[in-house]
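Engineer: pasting the sequence and the predicted coordinates here, then a few questions.
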Amino acid sequence: MYDVIVVGGGPAGLAAAYKAWECGLKNVLICERDSELGGILNQCIHNGFGLQRFRTELTGPEYAQRFLDMLSDTQVQVQTNTMVLEIVPGQGGAAHKVCCINQMGYQVLETKSVVLAMGCRERTRGAISIPGERPAGIFTAGTAQRYLNIEGYMVGRRVVILGSGDIGLIMARRMSLEGAKVLACVEAMPYSGGLTRNIVQCLHDFDIPLYLSHTVTDIRGHNRVEQVVVSQVDQGMKPIHGTEMIFDCDTLLLSVGLIPENELTRQAGIQIDPHTSGAIVTENMETSIPGIFACGNVVHVHDLVDFVSDESERAGAAAADYVLGTSAGGAVRPLHCGPAVKYTVPQKLHSDAQKADLFFRVDRILGESVISVTDEAGTQVARFSRQRMAPGEMEHIVLPQAAITGSTGMLTVSVQEVSHT
């Protein structure tokens, strides 16, 4: 019988497992389907990681190694090359069961708690229905990153990138540094989906044009990509006839969004937020099933791995509290999304929570704005100011205990742009 089983050995799983051990759990297991721990960080050889957490600039592998070094001083158990097939929640306080398979065969492991840290995957061409032929030379940006940074294969020489998410922007720079010509980055939305720093460092610094409100409307080529056709789109995302641009290229990289890996979550009967495609959680990252927690990109897609680590440590600590019988109590209250707010994580709060780290994204680009948290009676319990907000950058606020305990009913998070007229 394990105290906690962490599903996934990426940055979220590593942080959760270490924190659970640190908080007193001595029978901790990480199940990782890859051959080594670290997750996506292993292929992210660019720097920019750890600035908030470690106050130094690290590459992805260096950041992962920090946690691996911490784990080496513990007795946390690890099973790599292990695919978790099913999670069976315990009934009436019974142990949860984690069904997995590896070189030892099929196993059914019993555990007092579970932390879901499976991360996310990329949307593919099939998910967005790009018309045209089906030649070689079409990759998701993450696949191209793995080929280039780990396998050592150059995926193309003349490249068009669809989507302006962070991984697409980073691959624009990476391909340029390897000698490829990145012809354009194309984004269907009227704003970029990536961090401002990545737009500057990966596109502007390499003179790569960014076409907003444009998308790929045709792919040409029989054996290998020869051309892609890019068209402007209207407000309804429909291509505008007569705006076509033709790029002669041999490679198309897709950076069109990430999807939390929640097949196990759904199968276990855990409630899913349709806006994030991740589990609905409380401020301590507990899902709708007691004793099962979720953290990292499996809950919602983060901008920074530093936020993933912090969130995952809360999940690990909460799993320890659950096993040791010191969990937070009190009624659970919902959080509601007000004007300009797409979603919040967590989606619920315990009434006696000490504080709550609240993450959300806005639905459009906003200038100077006020973030307001109000209760069911319409009383403002917290207020925050921002000079600028964009959908591509996740917002983080901290609700103090007084704002939680001093309010009644459902809390609403809303954003109002300041008018200077």
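Structural biologist: Received the coordinates, thanks.

Engineer: from here on, contacts and neighbour counts on C-alpha atoms
Structural biologist: OK.

Engineer: show the residue spans covered by the helices in the stretch 1-150 of the chain.
Structural biologist: Assigned by DSSP state H, counting those that start in this stretch, the stretch 1-150 of the chain shows helices spanning 11-22, 60-72, 125-128, 141-146.

Engineer: what are the buried residues along the last one?
Structural biologist: Within helix 141-146, the residues that count as buried by 16 or more other C-alpha atoms under 10 Å are 141-146.

Engineer: so what are the sheet partners of the next helix or strand after that helix and their directions?
Structural biologist: Sequence order places strand 158-162 as the next helix or strand after helix 141-146, per DSSP states H and E. Using DSSP bridges, the strands paired with strand 158-162 are strand 181-187 (parallel), strand 251-254 (parallel).

Engineer: which residues are in contact with whichever helix or strand comes after strand 158-162?
Structural biologist: Sequence order places helix 166-177 as the next helix or strand after strand 158-162, per DSSP H and E. Contact with helix 166-177 is made by 141-142, 145, 161-162, 181-182, 185, 193-195, 198-199, 201-203, 206, 253-255, as judged by C-alpha atoms under 8 Å, 6 or more residues apart in numbering.

Engineer: what stretches of the stretch 201-350 of the chain score poorly on pLDDT?
Structural biologist: 328-329 (pLDDT under 70).

Engineer: quick one: the strands in it?
Structural biologist: With DSSP state E, counting those that start in this stretch as the criterion, the stretch 201-350 of the chain has strands at 210-212, 214-220, 227-232, 245-248, 251-254, 258-260, 272-273, 278-279, 292-294, 332-337, 341-345, 348-350.

Engineer: can you redo the ones you listed as CSV with mean neighbour count?
Structural biologist: Listed next are the strands of the stretch 201-350 of the chain as CSV, based on neighbours: other C-alpha atoms under 10 Å:
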stretch, mean neighbour count
strand 210-212, 21
strand 214-220, 22
strand 227-232, 22
strand 245-248, 15
strand 251-254, 26
strand 258-260, 18
strand 272-273, 18
strand 278-279, 28
strand 292-294, 31
strand 332-337, 18
strand 341-345, 21
strand 348-350, 22
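
Engineer: residue 413 is nearest to which of these?
Structural biologist: strand 332-337 (5.4 Å; C-alpha to C-alpha).

Engineer: most packed of the helices of the stretch 1-150 of the chain?
Structural biologist: helix 11-22 (a mean of 28; mean count of other C-alpha atoms under 10 Å).

Engineer: tell me what it is packed against?
Structural biologist: strand 2-7, strand 28-31, helix 60-72, strand 105-116, helix 305-324 (3 or more C-alpha pairs under 8 Å, 6 or more residues apart in numbering; DSSP states H and E).

Engineer: what is the mean pLDDT for that helix?
Structural biologist: What helix 11-22 shows for mean pLDDT is 98.

Engineer: hmm, who's touching it?
Structural biologist: So helix 11-22 is contacted by 4, 6-7, 28-30, 38-39, 41, 64, 67-68, 70-71, 74, 76, 115-119, 295-297, 305, 308-320 (C-alpha under 8 Å, 6+ apart).

Engineer: now do it against strand 105-116, angle only.
Structural biologist: Interaxial angle, helix 11-22 versus strand 105-116 (axes from the mean of the first three to the mean of the last three C-alpha atoms, to 10 degrees): 80 degrees.

Engineer: just put the strands of the stretch 201-350 of the chain in JSON lines and tack on distance to residue 101.
Structural biologist: Shown next, in JSON lines, are those (distance: least, C-alpha to C-alpha, whole Å):
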{"stretch": "strand 210-212", "distance to residue 101": "45"}
{"stretch": "strand 214-220", "distance to residue 101": "40"}
{"stretch": "strand 227-232", "distance to residue 101": "42"}
{"stretch": "strand 245-248", "distance to residue 101": "46"}
{"stretch": "strand 251-254", "distance to residue 101": "32"}
{"stretch": "strand 258-260", "distance to residue 101": "22"}
{"stretch": "strand 272-273", "distance to residue 101": "26"}
{"stretch": "strand 278-279", "distance to residue 101": "24"}
{"stretch": "strand 292-294", "distance to residue 101": "20"}
{"stretch": "strand 332-337", "distance to residue 101": "36"}
{"stretch": "strand 341-345", "distance to residue 101": "32"}
{"stretch": "strand 348-350", "distance to residue 101": "34"}
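
Engineer: for these, which one sits closest to residue 95?
Structural biologist: strand 292-294 (10.9 Å).

Engineer: which strands or helices does that closest one pack on?
Structural biologist: For strand 292-294, the packing partners by 3+ C-alpha pairs under 8 Å, 6+ apart are strand 105-116, helix 305-324.

Engineer: can you give me the angle the shortest one makes with strand 2-7?
Structural biologist: What that stands for is strand 105-116. Using the same axes, to 10 degrees: strand 105-116 against strand 2-7 is 90 degrees.

Engineer: pLDDT of strand 105-116, averaged?
Structural biologist: Strand 105-116 comes out at a mean pLDDT of 97.

Engineer: within its sheet, name the partner strands of that strand and how each one runs.
Structural biologist: strand 2-7 (parallel), strand 96-102 (antiparallel), strand 292-294 (parallel).

Engineer: tell me what angle the first one forms with helix 305-324.
Structural biologist: In other words, strand 2-7. 150 degrees.
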